[in-house]
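Undergrad: just coords:
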DNA sequence: TGTCAACAAATTTTCGACATTACATAAATT
DNA sequence: AATTTATGTAATGTCGAAAATTTGTTGACA
């Protein structure tokens, strides 16, 4: 794949991608010995990559116990979603109010690309394709990219990454009665129409709907 | 001085202290060869220490170019303060609304401890003591600790750490006409009186006042 | 004189060996 | 049976050398 950057950079990206793609089970430990084989890197490199992921909140580090992927819990999901609703709607309002022409272009481009990307590999009910997940990610980032505060955008980005783990592990249930595509279009249209309040409200509904689906999924936990 | 902890721990503390004290010019590079002589540690140790500092935002790491001390940036300080005002006032409102008796106790205790801690080593104008900085940190954390959202508190905590760098750099100017102690008491009193809006407003004033002082300081930069 | 390639120097990054420490489990002694 | 003591496993701490990369310099050629 992409082999640019230092060894640490590569390992960091692969590890993050694997976690977000649901390759590694939430809560499971990440022993150095195994990672060393799987990723072909020394302990120093792995340690550095894991520290970066920990700073982002995708892994946790119990001293003397090593690193683990974050654990999923209903309380955390509730907290996470509430936090995202607050932060993201705030940033979106900023973006809608202050976004320039380039922002509009980025949003349109990202949306178009997402729409044109194949979502499922084997029909509905199967996990979404990595390409679509990526495009989806970029659409939401584009939406917020018009805001002035870089820090706020970084925070929103980290929260989204954490939420992505939940989303990945609840995908099989996303079939039911929901038109995600329509929700996205609604948010975009309101944003580009410079209707800050309505756009933020639509985004909150979008995030809440996802949370509710995941909650329904965890009642019949997989594994 | 303090020789407790591991080698990495010691180097980390010395390096951090030197940066905050302005011993190393902001923006300057930190070549391993020189650090190796100055701090008498191996590359692995230095790397680990620098990584931790980078996670805290005191240094930055351009791959293949090594580490540098962060540069003072007025834009970043403005963005950072604005973000803090938004986040912290929000979390404080939550804490004031939902904090229980234990929260009240924690706030009172932290405040009392901070008031009883010696602030300056050598009279006003000198850097605050590490002990006071610690107590100050814990007071603000206690204030927010009544809020329900763990994620929000974590975000606020990270932002505070980033701001601490600027605060330390601006210390020599903190003498002038400002009663920080009074500001703290005002915030606490309003919070414990369950006056969410007023407390949040006082906190915003507190943060803004600090930013203004730093901005005034950077017009006549030390080095 | 100017450009570019090859080479040399300086720095960062990566690696693996080894000692140390912390924790968990099993064994042994009281 | 309960407490203490070995033992094993895995993370952490430390070091210095080798590999990789960027920067600096020299010299040939147009």
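TA: Thanks, I have the structure now. Treat the numbers as computed from the prediction; the structure is a model and nothing was measured.
Undergrad: Residue numbers of chain A in contact with DNA strand D?
TA: A:29-33, A:43-44, A:47, A:61, A:63-67 (C-beta under 7 Å from any atom of the strand). Where you see a C-beta, it was placed from the backbone N, CA and C, and this is true even at glycine.
Undergrad: so which of these is the most crowded?
TA: The member of the residues of chain A next to DNA strand D surrounded by the most neighbours (other C-beta atoms under 10 Å in any protein chain shown) is residue A:67, with 21 neighbours in all.
Undergrad: Show me what the strand or helix carrying it is packed against.
TA: For residue A:67, the host element (DSSP states H and E) is strand A:66-69. Where contact means 3 or more C-beta pairs under 8 Å, 6 or more residues apart in numbering or on different chains; DSSP states H and E, strand A:66-69 is packed against helix A:43-56, strand A:59-62.
Undergrad: Comparing the ones you listed, which stretch has the densest surroundings?
TA: Mean neighbour count, computed with mean count of other C-beta atoms under 10 Å in any protein chain shown, is highest for helix A:43-56 among the helices and strands packed on strand A:66-69, reaching a mean of 19.
Undergrad: Give me the residues contacting the strand holding residue A:67.
TA: A:19, A:24-32, A:50, A:53-54, A:58-62, A:165 (C-beta atoms under 8 Å, 6 or more residues apart in numbering or on different chains).
Undergrad: Kindly recompute the last result at 10 Å.
TA: Outside strand A:66-69, the residues that touch it by C-beta atoms under 10 Å, 6 or more residues apart in numbering or on different chains are A:15, A:18-19, A:24-32, A:35, A:46-47, A:49-51, A:53-54, A:58-62, A:165.
Undergrad: Show me what from chain A comes close to chain B.
TA: For chain A, the contact set with chain B under C-beta under 10 Å from any C-beta of the partner chain comprises A:4-6, A:8-9, A:44, A:47-48, A:51-52, A:54-55, A:57, A:75-76, A:78-84, A:86-87, A:90, A:94, A:148-152, A:154-155, A:158-159, A:162.
Undergrad: Swap in 6 Å and give it another go.
TA: Counting by C-beta under 6 Å from any C-beta of the partner chain, chain A comes close to chain B at A:6, A:55, A:79, A:83, A:149, A:151-152, A:155.
Undergrad: just to revisit the earlier point, from the residues of chain A next to DNA strand D, pick the one nearest residue B:109.
TA: Residue B:109 lies nearest to residue A:63 out of these, by C-beta to C-beta, at 26.3 Å.
Undergrad: Now do the residue nearest to residue A:58 when sequence neighbours are not counted, the pLDDT please.
TA: Leaving aside its chain neighbours, residue A:58 sits nearest to residue A:19 (5.6 Å; criterion: C-beta to C-beta, 6 or more residues apart in numbering or on different chains). Per-residue confidence (pLDDT) for residue A:19: 89.
Undergrad: Tell me which other helices or strands the helix or strand hosting residue A:19 touches.
TA: Taking DSSP H and E as the definition, residue A:19 sits inside helix A:7-20. Judged by 3 or more C-beta pairs under 6 Å, 6 or more residues apart in numbering or on different chains; DSSP states H and E, helix A:7-20 is in contact with helix A:43-56.
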